[in-house]
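Visitor: when you get a sec, could you give me coordinates for this:
(one chain, ligands or ions: 1)
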Amino acid sequence: MSNLRGRLVVISGPSGAGKTSVCRALKQQPGIEFSVSATTRVMRPGEREGIDYHFLSREDFQRRLAENQFLEWATYNGNLYGTPRWPMDQALAQGRTFLVEIEVKGTRQLRERGQEGLYVFIAPPSIAELRRRLQLRGTNDSQEIEQRVRIAEDELAAARETVAGRPLYDVILENRDLEQTIGAVQALLRS
Ligand code: 5GP
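Guide: Numbering: from 1, shown residues only. Purely as a prediction, here's the structure:
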């Protein structure tokens, strides 16, 4: 058994900032384990149970919450999301890098609890650019896009907060160029 403790890496960022593309690139890299969150939102086309998320009913989610099964959890756009506790405990105990892709409120819970790790926020170059990317992606109607833009504005403000005298995020990366951003995250992971 290794006595080297693994590292938790938290990646956050508004919908449309490029966070999912960054995580997709990191998934190609060996040695990084990805958290599979639980969610009550409906499955999107192309998503797979147990791979993209554990899709749960609200009742099931709430039962697991009451049983303290989640490391952190949050409501996002009316749906519940949570990180199952045990995969991280196991990965860190075995010296592996464990990556969680979560929103800001969940990140704050981890920071408040003094959870060690590398906390990275991927930001869009501007709100106008974020709106443009969401429109280009074409997966949301205009009302949903404006809702996501509003959430993004709140998240951008919250990302700059401090928790117990420490910045919430260690690094805020502005994603102007995806390849460069991926390279920057990879460099951070190697550091
Ligand atoms: P989506 O529905 O687009 O997959 O995710 C919506 C938001 O929820 C994203 O910001 C994503 O990072 C966040 N999220 C996904 N899983 C979790 C989780 O387990 N905990 C928290 N706090 N946020 C999550």
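
Visitor: now do the helices in the chain.
Guide: Secondary structure of the chain (DSSP state H): helices at 19-27, 58-66, 85-93, 104-112, 127-137, 142-159, 178-190.

Visitor: show me what contacts the closest residue to the ligand within the chain?
Guide: Going by C-beta to the nearest ligand atom, the ligand is nearest to Gly106 of the chain, at 2.4 Å. Where you see a C-beta, it was placed from the backbone N, CA and C, and this is true even at glycine. Applying C-beta atoms under 8 Å, 6 or more residues apart in numbering to Gly106 gives the contacts Glu72, Trp73, Ala74, Tyr81, Gly82, Thr83.

Visitor: hey, what's the second one bridged with?
Guide: In this case it means Trp73. Gly82 (DSSP bridges).

Visitor: I figured Thr40 hits Ser57, correct?
Guide: Yes: proximity of Thr40 to Ser57 meets the contact threshold set by C-beta atoms under 8 Å, at 6.9 Å.

Visitor: now Leu99: how far from Arg133?
Guide: Distance of Leu99 to Arg133, given as C-beta to C-beta, to the nearest Å: 22 Å.

Visitor: so those two - more neighbours on which side?
Guide: Set Leu99 next to Arg133 and count neighbours by other C-beta atoms under 10 Å: Leu99 wins out with 25 against 17.

Visitor: hang on, Leu168 packs against Arg111?
Guide: Yes: if you go by C-beta under 8 Å, Leu168 and Arg111 touch, sitting 5.9 Å apart.

Visitor: between these two, which contacts overlap?
Guide: Contacts common to Leu168 and Arg111, judged by C-beta under 8 Å, 6+ apart, are Tyr119.

Visitor: related to what we said a few turns ago, reformat the contacts of Gly106 as TSV; add pLDDT, neighbour count and distance to Gly95.
Guide: Shown next, in TSV, are the contacts of Gly106 (pLDDT from 0 to 100; neighbours: other C-beta atoms under 10 Å; distance: C-beta to C-beta, whole Å):
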residue	pLDDT	neighbour count	distance to Gly95
Glu72	97	23	22
Trp73	98	20	26
Ala74	97	18	28
Tyr81	98	22	27
Gly82	98	22	25
Thr83	98	24	20
